[in-house]
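Take this sequence and fold it.
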Amino acid sequence: MYYAQNLQTQMIVAQRIDTALHVGTHFDGAMHATDNRKGDMASLPLDYLCNCGVVVDISKHMHDWAVITPQMIESSGADIREGDILILHTGWHKHYEGQPQQDLVKYFCYHPGPNLDTLHWMLQKKIKWWGSDVGPATTP
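Numbering: from 1, shown residues only. Prediction:
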């Protein structure tokens, strides 16, 4: 993140953020993977994207190809409420480029992910959307 324009020279303050390729979400996945062109993020109502959220630390359960279960999430002690946005902290980011435990094969190929029971649990909890700190996006 850096200043692209500043008050002293341009009479405006503008900052720029540069990120690695493929940073972001997959809210628009339907637009890329199906014929459903209504799957773009711009078509989603703002109240779908914004809400209270909770970050759940499940990192102590993680290992190569770990399966994230509802029991892991619930045993965290986090106060997860109906309609929340759920962010799962797996700790897998420690394997990304530039991190002390960098291992890009592990990061991209051995990451944890949920099983079908977890997705059903999220539907029952009416989780608005969810994400995690793994390389391949896992946000339905």
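
now the helices: where do they sit in the protein?
Listed in chain order, the helices of the chain (DSSP state H) span 7-10, 29-33, 46-49, 70-74, 104-109, 116-124.

In the chain, where is pLDDT below threshold?
19-33, 36-39, 136-140 (pLDDT under 70).

The nearest residue to Gly135 once chain neighbours are set aside and Trp92: what is the separation?
Nearest residue to Gly135 in three dimensions, chain neighbours excluded: Phe108, at 4.5 Å (Cβ to Cβ, 6 or more residues apart in numbering). Just so you know, the C-beta spots here come from the backbone N, C-alpha and C atoms, and that holds for glycine as well. Relative to Trp92, Phe108 is positioned 10 Å away (Cβ to Cβ, to the nearest Å).

export the helices of the chain to CSV and tack on mean neighbour count and distance to Tyr96?
Listed next are the helices of the chain as CSV, based on neighbours: other Cβ atoms under 10 Å; distance: least, Cβ to Cβ, whole Å:
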stretch, mean neighbour count, distance to Tyr96
helix 7-10, 9, 35
helix 29-33, 13, 22
helix 46-49, 10, 25
helix 70-74, 17, 22
helix 104-109, 14, 5
helix 116-124, 14, 23
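
Gly135: which of those is closest?
Closest approach to Gly135 among the helices of the chain (Cβ to Cβ): helix 104-109, 4.5 Å.

next one: that closest one to chain centre, how far?
17 Å (Cα atoms, centre = their mean, to the nearest Å).

Then stretch 78-88?
13 Å.

residues of that stretch that come out buried?
80, 84-88 (16 or more other Cβ atoms under 10 Å).

Run through who's touching it.
51-58, 68, 73-74, 122, 125-133 (Cβ atoms under 8 Å, 6 or more residues apart in numbering).
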